[in-house]
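Trainee: I'd like to go over a predicted model; first the sequence, then the structure.
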Amino acid sequence: MAEKFKPKKIHISADLIKAAKYQLGFLKEVDKHPTLYEGPHVDNAIRRYEKLWLPLVARVGSKGMSPPLDIHWVWHVHMLAPLHYETDCHNIVGTMIDHHIPDNMSAFQKGLQPAQNHWEREYPSEPFHVNLTNPPPSKVVKAHPDSKISYDLRSAISRQRMFYYQVSLPHFRDDNFLKEALLRYKMLLYLKKTNPDKFLVPCYDMDLIWHAHQINPVIYKTDTEALLGRTFNHDDSVNDRSPGSKLNTSDERTRTIWKNTFGKEFPVSGAMFRGPPPANTVHRMTREEVFAITVKRCNVIVETAEVQNIPSDIHRQQCLKIKCKKGSVNLKQRPEGGRLFWSSEAPNGLKTFDWEKSTHLCTRVTEASTFQCLAGEPVARYDFDLRQAVHEVPESGSQMVVTSERTDLPISLSLRIVPKEWGEVRLTTDFGTWTKSPLSAEFSAALPPIVLGPDGAAYTFEIATHKILDLKGAIAFKCTVVHSTDHKTSIVQVQTPAGNPTAEAFLIGSDTVPKPGQLHAPAAVPTMADGDCAMLIRNGQDWGVVIGRWDNFRKGVPGKPGVKGVAGTKDTPAVKGVKGTPGVKGKPGNLSVRFYNLQTGAMERAEATRSNGFTIGLKNLKVDLKTGGVTIPPTVTDVAEGVALAFSISVLWVLLQPRPPGGAAAAALTSRGTKPIQTVDTSSLLMVVGAG
């Protein structure tokens with residue numbers, strides 16, 4: 001009979017929680033450089049690792065030595081195949097090279113300098129650091145037929161992007177979550193000890209700890225040999241999740257063995273497979289593209305002004321008055337040669353107008369007989385519409401000459417339009433109609449596979465595509481909302497006017513994020529309690545998580561009328577009355593949301609109520625659920641992501657709002673007895689209707 005599982009009996013000689021946190025920081029840094037997943041930089045890094053780094057640390061030792069990022073990455077992946085790593089090290093340098101986890105990032109940075117000093121003495125013609133944004137010289141990336149590495153490092157390196165995505169959400173850094181992950185890793189080791197011939201499949205919490213153990217290669221070898229009698233191998237090449245595959249059947253077997261051995265369920269919230277990472281092909285808006293749809297805060301500078309075709313019989317001084325909503329200027333001059341002309345090379349020109357809330361530059365020419373140039377009917381006048389010119393001005397500013405049309409005395413102004421600060425982005429929504437149809441091949445191909453599953457496109461979906469308009473009414477984005485009852489999922493995809501995906505959002509569950517009770521600091525990271533609903537927003541990477549719940553809802557309970565008593569008579573006894581029971585007034589409740597910005601770590605709360613006009617206000621987003629208006633504050637460039645967040649919030653309303661039993665007929669009731677029923681008229685909330 002196998003010995004009962006006792007965590008203290010599973011001895012591990014390293015601080016795996018510290019190693020896991022170090023590993024997550026390292027993987028995050030690698031993920032900033034897509035060239036380290038495939039391509040010539042990978043080939044070059046493998047060469048540098050095998051031919052230069054391993055021989056160097058074999059001679060001078062690896063303790064206190066930090067490698068450059070590309071070499072460190074190859075070394076990391078190689079250690080995750082412990083049997084190959086040991087064999088390859090012996091074949092290359094005659095001994096297994098150990099890897100030491102630094103105490104912190106400062107210690108790692110400190111180790112770079114001695115490593116670089118040794119490197120430059122040994123390899124003066126080979127740079128220690130490489131520029132990962134430019135391709136390496138072709139002569140140094142050719143395959144080496146004499147390589148002694150037996151492991152397919154190129155394929156393994158490519159697979160690690162998938163692994164990092166699974167463990168990249170912030171709860172993987174929580175101390176309580178990692179402590180539980182360490183315990184579950186010990187349970188996995190115990191299962192391997194008692195089931196030595198079984199291929200066991202870990203959840204990602206214990207897999208992270210397993211990786212942290214392996215990047216201490218000498219300790220890992222010693223610990224697992226002491227427990228299992230041999231080095232515990234790790235094989236991440238098994239990744240086919242289709243029904244009947246080795247991974248699928250081994251996962252089912254692991255769940256069964258786990259439940260039978262420990263009496264607990266194997267899956268843990270926040271530690272399960274959450275689909276592949278987002279594609280790197282989404283369109284990221286440039287600063288110029290964002291600025292193009294902002295409200296412009298500009299100065300309009302008049303540098304020259306000219307009036308032509310002045311009749312020859314006009315000799316008196318004339319006045320050209322130029323004005324907008326926030327100022328005016330009077331320019332006076334006697335005609336010469338049938339024209340009036342003013343110019344200034346000063347920075348402020350003839351006049352600088354603050355253009356906020358203005359639309360037109362109004363001009364009029366009169367005889368300058370009064371101080372205000374107001375006498376008589378103007379001999380010429382024209383209003384220049386500058387709305388399009390101001391809206392389309394680039395951040396660097398623009399210059400233009402405008403001339404009046406269809407006037408006997410043409411008026412020309414030379415203008416310089418100078419943006420003085422970023423304005424907000426104000427968007428409105430032109431809502432489309434809902435249809436039921438299969439997804440097009442193009443649209444389904446652009447969606448995360450985990451959302452739809454392998455046969456998702458075969459089902460019928462409810463789909464609506466809306467146009468998101470900028471201030472001048474042009475299409476800034478298209479936003480498609482998709483619902484599927486078959487898959488129990490909802491999707492939001494934001495596209496450029498040309499149809500290129502730029503942001504997406506979809507429902508996630510407790511397989512992706514943990515429950516609050518699992519964490520030491522649950523308020524700091526996304527969690528889901530019972531009754532919560534969440535959507536993940538991505539823009540080529542995880543951008544944010546919005547979690548909603550329906551608060552303050554109370555179901556009304558009708559009261560019971562009392563029964564009046566009856567007075568007794570000589571022949572009949574009195575009947576005592578029965579006091580009535582008062583009803584409980586219902587409350588429709590409201591949507592409350594928590595938004596977690598995964599790029600900054602910030603968390604915000606907001607709610608949509610009748611008292612705030614059903615408006616959600618966050619630091620970088622204001623969405624009016626009644627009108628579909630979306631406002632993004634000045635200088636914020638994540639505009640497409642803000643649109644995805646706005647529609648995600650609206651989808652959460654659709655999914656969470658309580659619905660009375662009895663369907664549409666019950667929802668149509670406006671009173672219960674003589675009392676009106678308090679409801680929220682969802683049909684008046686255009687954004688909610690547009691979300692489903």
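Mentor: That came through fine.

Trainee: for Trp434, give me the pLDDT.
Mentor: At Trp434, the model reports a pLDDT of 95.

Trainee: run through the residues that contact it.
Mentor: Listed by CB atoms under 8 Å, 6 or more residues apart in numbering, the contact set of Trp434 reads 462-464, 692. For the C-beta atoms, the positions are set from N, CA and C on the backbone; glycine is no exception.

Trainee: so which bits of the longest helix along the chain are buried?
Mentor: Taking DSSP state H as the criterion, the chain has its longest helix at helix 175-194. Using 16 or more other CB atoms under 10 Å as the test for burial, helix 175-194 gives 177-178, 180-182, 184-193.

Trainee: which of those sits closest to Val492?
Mentor: Phe177 (28.5 Å; CB to CB).

Trainee: least confident secondary structure element in the protein?
Mentor: helix 663-667 (a mean of 49; mean pLDDT, DSSP states H and E).

Trainee: elements contacting the longest helix of the chain?
Mentor: Packing partners of helix 175-194 (3 or more CB pairs under 8 Å, 6 or more residues apart in numbering; DSSP states H and E): helix 16-31, helix 204-214, helix 217-228, helix 246-262.

Trainee: show me the shaky parts of the protein.
Mentor: For the chain, the stretches with pLDDT under 70 are 1-2, 139-144, 238-242, 370-376, 442-458, 661-680.

Trainee: how about the contacts made by the most centrally placed residue in it?
Mentor: The residue lying closest to the centre of the chain (CA atoms, centre = their mean) is Trp543, at 1.6 Å. Contacts for Trp543 (CB under 8 Å, 6+ apart) come out as 503, 537, 597-599, 638, 641.

Trainee: could I get the helices and strands packed on helix 175-194 as CSV with mean neighbour count?
Mentor: What follows is the helices and strands packed on helix 175-194, written out as CSV (neighbours: other CB atoms under 10 Å):
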stretch, mean neighbour count
helix 16-31, 19
helix 204-214, 24
helix 217-228, 18
helix 246-262, 15
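
Trainee: could you dump the ones you listed to CSV with distance to His129?
Mentor: Formatted as CSV, those follow (distance: least, CB to CB, whole Å):
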stretch, distance to His129
helix 16-31, 13
helix 204-214, 25
helix 217-228, 25
helix 246-262, 38
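
Trainee: phi, psi of the residue nearest to the centre of the chain?
Mentor: phi -110, psi -40 (degrees, to the nearest 10).

Trainee: any idea how far it lies from Thr600?
Mentor: Trp543 is 10 Å from Thr600, where distance means CB to CB, to the nearest Å.

Trainee: with Ala380 instead?
Mentor: Separation of Ala380 from Thr600 (CB to CB) stands at 56 Å.

Trainee: which residues of the stretch 401-550 of the chain fall in helices?
Mentor: All helices of the stretch 401-550 of the chain, identified by DSSP state H, counting those that start in this stretch, fall at 441-445, 449-452.

Trainee: re the thing from before, do you know which of the helices and strands packed on helix 175-194 lies nearest Ala271?
Mentor: Of all these, helix 204-214 sits nearest to Ala271, with 3.8 Å by CB to CB.

Trainee: so what does the closest one touch, helix or strand wise?
Mentor: For helix 204-214, the elements it packs on are helix 16-31, helix 153-166, helix 175-194, helix 217-228, judged by 3+ CB pairs under 8 Å, 6+ apart.

Trainee: now for the shortest one, which elements pack on it?
Mentor: Spelled out, that is helix 217-228. Partner elements for helix 217-228 (3+ CB pairs under 8 Å, 6+ apart): helix 82-93, helix 175-194, helix 204-214.

Trainee: cool, and the first one?
Mentor: Packing partners of helix 16-31 (3+ CB pairs under 8 Å, 6+ apart): helix 69-79, helix 153-166, helix 175-194, helix 204-214.

Trainee: quick one: it to helix 204-214, angle?
Mentor: 90 degrees (axes from the mean of the first three to the mean of the last three CA atoms, to 10 degrees).

Trainee: tell me what angle helix 16-31 forms with helix 175-194.
Mentor: Going by the same axes, to 10 degrees, helix 16-31 makes 100 degrees with helix 175-194.

Trainee: right, and the helix or strand after helix 16-31?
Mentor: Counting by DSSP states H and E, the next helix or strand C-terminal to helix 16-31 is helix 40-48.

Trainee: pull the CA atoms of that following helix into CSV?
Mentor: Coordinates of each C-alpha in helix 40-48 appear next as CSV, following Å, rounded to 0.1, in the frame of the first residue of the first chain:
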residue,chain,number,x,y,z
PRO,A,40,17.0,34.1,-37.4
HIS,A,41,17.4,35.6,-33.9
VAL,A,42,16.4,32.2,-32.5
ASP,A,43,19.0,30.4,-34.7
ASN,A,44,21.6,32.9,-33.7
ALA,A,45,20.8,32.6,-30.0
ILE,A,46,21.1,28.8,-30.2
ARG,A,47,24.5,29.2,-31.8
ARG,A,48,25.7,31.7,-29.2
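
Trainee: chain center to that helix: distance?
Mentor: 31 Å (CA atoms, centre = their mean, to the nearest Å).

Trainee: what residues of that helix count as buried?
Mentor: Under the neighbour-count criterion of 16+ other CB under 10 Å, helix 40-48 has 41-48 buried.

Trainee: swap in stretch 601-618?
Mentor: Under the neighbour-count criterion of 16+ other CB under 10 Å, stretch 601-618 has 606-609, 614-616, 618 buried.

Trainee: follow-up on the earlier one: among the contacts of Trp434, which two are most distant?
Mentor: Greatest spacing in the contacts of Trp434, by CB to CB: Ile463 and Gly692 (10.2 Å).

Trainee: those two: which is more packed in?
Mentor: More neighbours surround Ile463 than the other of Ile463 and Gly692, with 21 against 17 (other CB atoms under 10 Å).

Trainee: residues contacting the more buried one?
Mentor: Counting by CB under 8 Å, 6+ apart, Ile463 touches 434-437, 439, 480-482.

Trainee: can you do 10 Å?
Mentor: By CB atoms under 10 Å, 6 or more residues apart in numbering, the contact set of Ile463 is 432-440, 443, 480-484, 491.

Trainee: please name the bridge partners of it.
Mentor: Beta-bridge pairing of Ile463 under DSSP bridges involves Thr435, Val482.

Trainee: roughly how far apart are the residue lying farthest from the centre of the chain and Lys564?
Mentor: Going by CA atoms, centre = their mean, the residue of the chain most distant from its centre is Lys570, 83.3 Å out. With distances taken as CB to CB, Lys570 is found 21 Å from Lys564.
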